[in-house]
Every structure is written in C-alpha cells, then in structure tokens.
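Enquirer: turn this into a structure:
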Amino acid sequence: MAKQNSKHIRNNKKLIADKLQQAVSNVAKRNMYFVSGDKESFFKVVNGKNKNAEFVDIPTADSAHAIAYVLNKSTNKTLDKVKKDIQTAVDKYSPQIEKYIIDLRFYNHTLNATSDIDKIIIIESRKDLAYTRYLAHKEDMRNKIYFSLTHSEDYKTL
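Expert: Residues are numbered from 1 along each chain as shown. This is a model prediction of the structure:
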C-alpha cells in the first residue's frame with residue numbers, strides 16, 4: 001500500500017491558520033511591481049500593493065521591464081534611493097528616445113511617400129543615424145537602471 005506524502009491534520013486548525021498567515025505576510029513583504037502598457041503608447045510601472053503608477057511615460061518595453069525587475073529586487077531599505085536613481089535615468093533619456101522614435105516614424109513615412117532617388121538616399125542615411133542613436137540611448141537608459149540596483153547600499157546581500 002502506498003504511503004501518503006502529506007500528514008493528515010484533523011483538529012489542528014490553529015496550526016493551519018498560523019501557517020497561512022505566515023505565508024501571506026511573507027508575500028506582503030515583497031515588492032510587487034509590474035509593467036502596464038502596449039506597443040502603441042508609453043509604458044508605466046505600477047506598484048502591485050496600492051495600484052499606483054510609480055513611473056509613467058517609459059518609451060520602451062525593455063526599459064519598463066528593467067525598472068520593474070530592479071524595483072522587485074531592491075529591499076525596502078534601499079527602495080527610495082533606487083527610485084530616485086531610476087527617475088534620474090528616465091528624466092535624462094526618455095525625451096531623447098521619444099525624439100528618435102518620432103524621427104524614425106517620419107523617415108519611414110517620407111520614404112514611402114517620395115520617389116526622388118536623391119531624397120531617398122538622404123532619408124535612408126538620416127534614418128540609419130537616428131536608429132543607431134536610438135539604440136545607443138535605449139541601451140544607456142537600461143544600463144543606468146540596472147546600475148541603480150548594483151550600487152544600492154546592500155547589494156552584497158542580494
């Protein structure tokens with residue numbers, strides 16, 4: 001006869017209630033941030049406990065996911081410093097990234113609308129430059145976000 005893997009607890013409801021309460025309190029202590037948004041608009045990072053948007057108008061999905069990852073990994077002791085560092089990075093790089101996104105949309109539209117070969121050559125070179133700068137600024141922003149986690153006070157305990 002096979003042995004049962006779990007113990008049968010009949011009249012020990014107090015023990016079950018204590019274990020459940022401990023599990024709930026452990027989950028409540030964790031930082032819970034998630035990303036909201038879609039490809040057609042900006043992204044925002046939302047606090048899962050109180051449903052408030054902590055960071056809004058994040059231009060790229062990978063930057064928003066990096067912010068959520070860093071906030072989830074940081075401790076309550078260093079959360080304010082990490083948020084301040086992330087906000088600095090968002091304020092610095094978001095306008096530039098948004099500008100390059102708009103430029104790329106404009107260049108794509110212009111390429112579809114024109115038939116002049118000289119204009120096409122010029123537009124393609126400008127598009128390549130804008131795309132290269134967009135990728136560089138996007139990577140810089142993501143690195144700065146991860147940098148805020150690694151340079152918090154208690155990084156060695158993570």
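Enquirer: tell me how far Asp128 lies from Ser36.
Expert: Separation of Asp128 from Ser36 (Cβ to Cβ, to the nearest Å): 33 Å. C-betas here are computed from N, CA, C, even on glycine.
Enquirer: for the chain, which segments are assigned as helices?
Expert: In the chain, the segments counted as helices under DSSP state H are 13-29, 61-73, 79-113, 117-150.
Enquirer: dump the residue contacts of the closest residue to Ala89 other than its chain neighbours.
Expert: Residue nearest to Ala89 in three dimensions, not counting chain neighbours: Lys144, with 3.9 Å by Cβ to Cβ, 6 or more residues apart in numbering. Contact partners of Lys144, counting by Cβ atoms under 8 Å, 6 or more residues apart in numbering, are 85, 88-89, 92-93.
Enquirer: how close does His109 get to Lys119?
Expert: Following Cβ to Cβ, the distance that separates His109 from Lys119 is 13 Å.
Enquirer: let me have the contacts of Lys144 in TSV, extended by distance to His151.
Expert: Shown next, in TSV, are the contacts of Lys144 (distance: Cβ to Cβ, whole Å):
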residue	distance to His151
Asp85	8
Thr88	12
Ala89	12
Lys92	16
Tyr93	17
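Enquirer: what's the closest of those residues to Phe42?
Expert: Phe42 lies nearest to Tyr93 out of these, by Cβ to Cβ, at 13.4 Å.
Enquirer: what's the local residue count around the residue nearest to that closest one when sequence neighbours are not counted?
Expert: Spatially, and ignoring its direct neighbours in sequence, Tyr93 is nearest to Met141 (3.8 Å; Cβ to Cβ, 6+ apart). If you count neighbours by other Cβ atoms under 10 Å, Met141 ends up with 24.
Enquirer: for Met141, what are its contacts?
Expert: 60, 63, 89-90, 92-94, 97.
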